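Asks: No letters, just coordinates:
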């Protein structure tokens, strides 16, 4: 297949704004997240740093598979099963990565024997399993003729419910405890920076899920810009807030 024909098929399978978001925006995001993840792993690697690095690495994997999904949809749109599998490896890592923010916050609270590696692993596996089950909701994800994913409202509700219960509420709770343990004004400022980044990332999850469920042209256009403007600052704020200091 020559380059021109492949490019023409790509344009037919998706709209121009989506191409820009995925092949420019997400490539930039994937590069930034990968660099931060590598920088974290190149350090002394205490448990909190390893935990936080999974956030960046899994997010990078999700972006890469999303790009692959669009490419294969353009070349082999009839291969529905392959497209579904690749899309799973696109969205699942992005959704699953949030558990590493929560466990990172808990681990830096210095709870000692209370929050052991075993307990951290159990929490991670439970959330991972619950999130995995959501993808088996009947007709939870369907694809348009252009292989663009559309979520059902039941799928939307399941993601919002599980993410709020397992991630958002515990993060708010442990963040309050963490703020109380920081007495130094500079450290509190860094913690605030970190938490702004964290909740910015959570907002991306909520917004992206709504974006793929509510087929409103105005919201789709606005969110396409907002998600890009949220993710890069949030990732950097998390890293420079606390991650770099550990």
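Replies: Sure, I can see it. As the structure is a computational prediction, the values presented were derived from the model and not from experiment. Numbering: from 1, shown residues only.

Asks: C-alpha only now, for contacts and for neighbours.
Replies: Will do.

Asks: just how off-centre is the strand or helix carrying residue 72 within its chain?
Replies: For residue 72, the enclosing helix or strand under DSSP states H and E is helix 47-75. Distance of helix 47-75 from the chain centroid (Cα atoms, centre = their mean, to the nearest Å) equals 8 Å.

Asks: For that helix, buried residues please.
Replies: 48-75 (16 or more other Cα atoms under 10 Å).

Asks: other SSEs contacting that helix?
Replies: Under the contact criterion of 3 or more Cα pairs under 8 Å, 6 or more residues apart in numbering; DSSP states H and E, helix 47-75 touches helix 3-13, helix 26-41, helix 80-96, helix 99-107.

Asks: Tell me which residues touch the residue sitting nearest the centre point of the chain, please.
Replies: Residue closest to the average C-alpha location in the chain (Cα atoms, centre = their mean): residue 94, at 3.0 Å. Listed by Cα atoms under 8 Å, 6 or more residues apart in numbering, the contact set of residue 94 reads 58-59, 62.

Asks: Equivalent analysis for residue 33, please.
Replies: 56-57, 59-60, 235.

Asks: Contacts for stretch 99-118, please.
Replies: 47-49, 51-52, 54-55, 120, 124, 127, 167, 170-171, 174-175, 177-178, 181, 198.

Asks: at 6 Å instead, please
Replies: With contacts defined as Cα atoms under 6 Å, 6 or more residues apart in numbering, stretch 99-118 is touched by 48, 51-52, 55, 171.

Asks: buried set for it?
Replies: 99-107, 109.

Asks: Next: stretch 122-142.
Replies: 123-124, 127-128, 130-131, 134-135, 140-141.

Asks: got it, and stretch 181-194?
Replies: Neighbour-count burial for stretch 181-194 [16+ other Cα under 10 Å]: 188, 190-194.

Asks: Specify the local secondary structure of residue 142.
Replies: strand (DSSP: H, G, I helix; E, B strand; the rest coil).

Asks: Is residue 136 located within a helix, as I assumed?
Replies: No - with three-state DSSP as the criterion, residue 136 is located in coil rather than a helix.
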